[in-house]
Each structure stands twice: as C-alpha cells, then as structure tokens.
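*Asks:* No sequence on hand, only this structure:
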C-alpha cells in the first residue's frame, strides 16, 4: 500500500493515507467502493476513493438547476434535522452539497447519482412518476408509508407521492438477472426475490446479515449474497496493523471458527492469516485500540492475547479465554474485558482514544499536612479534623449533605463550609455504570435536583453531563461494590432486561447492584446501597440509630415514630438491643439529601429546608399530620406552611396552581 499522504482539503485538513476499510464512508455515509479510500488517523475520518477523487467544491445538479450547490460540512449546518432532500437519509456530520438560498441539501451519493426526472416502475406503480422540484409535505405511498417533507416522485394522474429512496435506487436499476461473482467462480448467481429457499439459512454468505427481498443465489452450492455484498463486496485481502501484523485473506465459506480478536464463535467468511492461523470476524477488524468504558476509571487497551489464566471480564463477569484477544488495563494488571463487552453501546461511547492525551485535573491543593485548598471553595483554606463531632445535625457536609457525625472532615478556617474527608477526595470526573460518557463534579449549582440512580431529592454536589445527574453518593459507586449487609461477596451492576426486587426494601428497581455468585440472589437498588449506616432522628436526642438488615430481630415490632408495624424481613433502623425498630423512611425521610437552612425552588415556588428539631413538631399543610421526619420544607412568604414529604410537597404545589 502506498504510504504517501494525500491532501483532500474538501474533507480534512490533514494528510490522508490510502486505506482499505469496511465501514461506511464519512464522506457520503454510504457503503460505496469500500475496498479502497483515504483515511485520516488524527480525525478517524474515512473517505471513499471515488468521493475523494471526483468531488469538487461547486457543482450544478439537475434536480436543482436554478442555483449552484456548494460542498459544506454537516457540522457547520445549524439545523435540527439535517437530511438529504432527495433520498431523505440523515446526513449527520458528513459532507453534502447545499444551496443556502433554497435551504436545499443533497448528500454525496445523490450528487453522484442524481435521480432521473421521470421513471417507470411498473412493479410499484402503473403510471410514470415525475420528480418534483418543489418541496412539499406528503405521505409516501410505497411500502414505508411514512410522512415526508421534500422533493418526492409524484404520479400526477393518481395524485400520489413517493420518497425518492423508496422507488429509485441507482444500483438496483443496474441489476442483472445473473452475475458472475469473484467469491463464487464455480457458477453464476441468479437474482431472486422474496423469501430465501427453505434449505438456506436466510443469511448472506459474506456479511451474515438477514437476506432482504432482493438477493443473488446459487442453488447448486446454497451460496447466497445480499445486494450490498454483490455491489460492494469486502476486499479479498487486506493489511491493517490494527487487526493483525500480517496480510489477511477473506475465506468465503460456511465454517465454524473462533475469532482471535473477541474469542467468540463465528460461522462464516472470516479473514484469516495463512502464516499464523489467525482468524477474525469481519466486524472485529476495526475494533478500537484504546478506549474508556463506564466500568473502569482508567483507559483500556486492545491486546491480541489476554495471556492471564482465570481472568474475568470486567463487564459481564464471565470467565475469559486467556488465549484470545480482548482489552486490558495498563494500570490494573488484573483487569480485562471481552472485546464485544468493551464495545457495547451501553458501555463504550464510541470514541477511539489512540493518540488523544488524557485529562489531568487538580482536585485540591495541599497547603500543609492538615490544610488544603479545595476547588469547590477556593476563597478559603480547609483544615482537617481527624475526629468528628459527637453528633450535631447542623454540622453537615456540603457535598453529600449528611451530618458529619464521627467521621474525619475538613472545615473552612474562615466560614462554616464543611466537607467529609472522603467527600473532599471525590474525583473531579468519573465514569459511571449508568452512563457511557464521563460525568463532571458540579459544586456551584445549589438548586434541587433528583438523582437518576436513587431518585432522591438533593441540593448537594452532583455528577452531571447533559441530562444525566447523580448525587455524589450514587456517583461514586463503582465495581466491585462492597456493602456491610453482604460482606462475603462483592456486588456488580449487570444490565437487566427487567426490574429486580431489592433485598433491602423489597421494592422493584431497574438499576440494581447484584451478587454474581451462583445461587445467591442478593440485590440492592442504589437508594438502599447508599443509606447511612448511622442516622439521627428528632424523637431521640440521646443517640443515633444503626441500620440493620432484617436478620437479628424476632417477633413483631412497631415503629417508634409512626406507630405502625415494622417488617423485620426488610431493613430497619434500631437501637437498644433491637428493642426499638424504626422504618427506614421514617428515620431518613424524603428530604435527607437537602442541606438545612438552604432555600430551594420547586415548580417556581421557594422553600426553606428546615430541621425538625423544635420543641413541638409543626403540622403538614397537606396531610394535616405532625411532621415526623427529620427534615421538612417551609414555604417562603408564610409563617406556618410546612410540608413533610415529597408526596405532600407536590400535592400542595398542584393545589396552589
């Protein structure tokens, strides 16, 4: 392969290398002439050779003859929905030709293969169709049946309109009833329509995709190719150091094999290395070299051989075959991931990081052995206190909003700002199992939010990106997760198809941490996993309550706060040798994540967060009961409007308008 760089300024500012690739071109978004093209490693940008060689900056297009079209990049078009006005396919970030005067866009495929002004498609419609040159709203009368807005084909006699892409395909217009194909030289392949024969597996021999309505077939050899592989077959041989050090040759056969890149079975047409017996799925050829996944803090790298016996996948938790490829962490010698698990859409964000430098951000500046400057409070220094307070509800951590208790903490030497020592060490950015983009620690926002993991209200620090927000307790849960209620086995987040019942509260939850040991059904939702092990309540000023896991208490017990029976098979808070049992909800309440004395806004109404530690407990505006939870809300502008729970809060807001 020629190693000299090629300059294609219309597509990329860097030198691009001649390249063989199996993916869609970033130029036109189609599978077109896929056996050669140009590639920019810096931008991970692939251009078909035909697009690169034949594309010009300006062009005259027969479907828009009134103005000249200019080649532009999709990223520079500020439109909510950017698609080709002829075929309707989404252009995304690819190049296209555009008329700014008419807001008319044509992707490169339709630019090279403009649809004719008139077509005759008797199989679809019995009249001649005319391509409109005026944008209209229409309902496509072809098989898709979808509404459209653009330049359709229209039958003027029947007043029917069709998407261009539904009735016109330049490659299908060239279909022959019989073709000789390089991957099946023994017999010609015949064009077939409808369902594949019963003896066939219904899949293309080369790519393994399900056969569509049009395909080519050899009945003597039971050899089937879909239209894509007939028109644009994968290259017979290729050499790419990402996949393998030697030249690879396509073997177009139905043969069972194990892919050396991912360790999974395949049943057809691998690329093989004759020199060393290496075999690889076609879809594994371009696995990324270096990526981040949401199950691990460090980057992981692709390797051709795991090489560690008894290794376990960090995503699916299943045993890995050490003799095949996968991903490993250079910082953690025992962390490995299956190739397919690492590149799952719910695990990886699709970004190749080879050549991309890592972010380095400072969380805190150490002044001396006991003094730091934290990025969330840069105006003052924080001093470390090894022993926490005896117990003061008002002394609360600004990050997690929980009382300081007996834990070590940092306090500001000039004001009342406090952080638990563990909270002060929370990372600035994290990867989390519930989201495959990196989340950033936000400390400046003080208004209330709902955590997407535990659904608690909070106004403490949060991890956030776009629409995803997690409080710091849920955000810092990572695998393996150890909880004192299940000390013998760690817990992991395993993607589930259905909700699971939490062991702590017996409620169904969609996001859970589970034990993967055989015959162990222990499951925790994020709310129970982050409950405080020790909590205080306004009914008892002497000492806090401890969290117990429903194993040591016997007989019937009643909650000392609400007076109702306690289900000792679920978790509860207790003290005094289990003589007093209290519901978790009664001890914690709905507003435990809110910082006392702060003001929050909910649906345009302002409330003060108040500790329920007075001599008498006020009445809730909605339920008319005395507020029994440790934290309540008081509506601003009133003298006695209190709400005790989230349910009462939203009922009051609904009633007030």
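*Replies:* Cool, the structure landed. None of these values were measured; they are calculated from a predicted model. Numbers count the residues shown, from 1 in each chain.

*Asks:* Span of stretch 508-522 from start to end?
*Replies:* 13 Å (C-alpha to C-alpha, to the nearest Å).

*Asks:* Oops, could you answer that again for stretch 54-70 instead?
*Replies:* End-to-end for stretch 54-70, by C-alpha to C-alpha: 14 Å.

*Asks:* got the buried residues for that stretch?
*Replies:* In terms of neighbour count (16 or more other C-beta atoms under 10 Å), stretch 54-70 has its buried residues at 55, 61, 63-64, 69. (C-beta placed from N, C-alpha, C; glycine too.)

*Asks:* do the same with stretch 374-384
*Replies:* Those would be 374, 376-377, 381-382, for stretch 374-384 by 16+ other C-beta under 10 Å.

*Asks:* Which single one of these is nearest to residue 295?
*Replies:* Nearest to residue 295 among those: residue 376, at 26.9 Å, using C-beta to C-beta.

*Asks:* Show me the helices in the stretch 401-550 of the chain, by range?
*Replies:* Here the stretch 401-550 of the chain has its helices, by DSSP state H, counting those that start in this stretch, at 421-424, 472-475, 526-529.

*Asks:* The stretch 151-300 of the chain now?
*Replies:* 164-167, 227-231.

*Asks:* what about the first one, average pLDDT?
*Replies:* Mean per-residue pLDDT for helix 164-167: 79.

*Asks:* returning to what we had before: okay, the helices of the stretch 151-300 of the chain, which one's buried deepest?
*Replies:* helix 164-167 (a mean of 22; mean count of other C-beta atoms under 10 Å).

*Asks:* And the contacts of that helix?
*Replies:* Helix 164-167 has contacts (C-beta atoms under 8 Å, 6 or more residues apart in numbering) with 86-89, 110, 115, 119, 121, 124-125, 129, 131, 140, 142-144, 150-153.

*Asks:* Likewise for stretch 605-621?
*Replies:* 393-394, 459, 538, 591, 594-601, 625-637, 640-645, 648-649, 652-653, 656.

*Asks:* Write a PyMOL command that selects only the buried members of those.
*Replies:* Buried residues among the contacts of stretch 605-621 (16+ other C-beta under 10 Å), as a PyMOL selection:
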select buried, resi 393+459+538+591+594+595+596+598+600+627+628+629+630+631+632+633+634+635+641+642+643+644+645+648+649+652+653
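
*Asks:* Narrow the contacts of stretch 605-621 to those in helices?
*Replies:* Among those, the ones falling in helices (DSSP state H) are 648-649, 652-653, 656.

*Asks:* For beta bridges, what are the partners of residue 632?
*Replies:* Beta-bridge partners recorded for residue 632 (DSSP bridges): residue 610.

*Asks:* and the worst-scoring helix or strand of the chain on mean pLDDT, which strands flank it?
*Replies:* Using mean pLDDT, DSSP states H and E, the weakest-scoring helix or strand in the chain turns out to be strand 6-7, at a mean of 72. Strands adjacent to strand 6-7 in the sheet, as given by DSSP bridges, are strand 15-19 (antiparallel).

*Asks:* Identify each buried residue in the partner strand, please.
*Replies:* Per 16+ other C-beta under 10 Å, strand 15-19 contains these buried residues: 16-19.

*Asks:* Need the max-distance pair from the buried residues of stretch 374-384.
*Replies:* Among those, 376 and 381 lie farthest apart (C-beta to C-beta), at 12.8 Å.

*Asks:* And the contacts of the one helix or strand residue 70 maps to?
*Replies:* Element membership for residue 70 (DSSP states H and E) is strand 64-73. Strand 64-73 is contacted from outside by 10, 55-61, 93, 95-102, 104, 106, 111, 133, using C-beta under 8 Å, 6+ apart.
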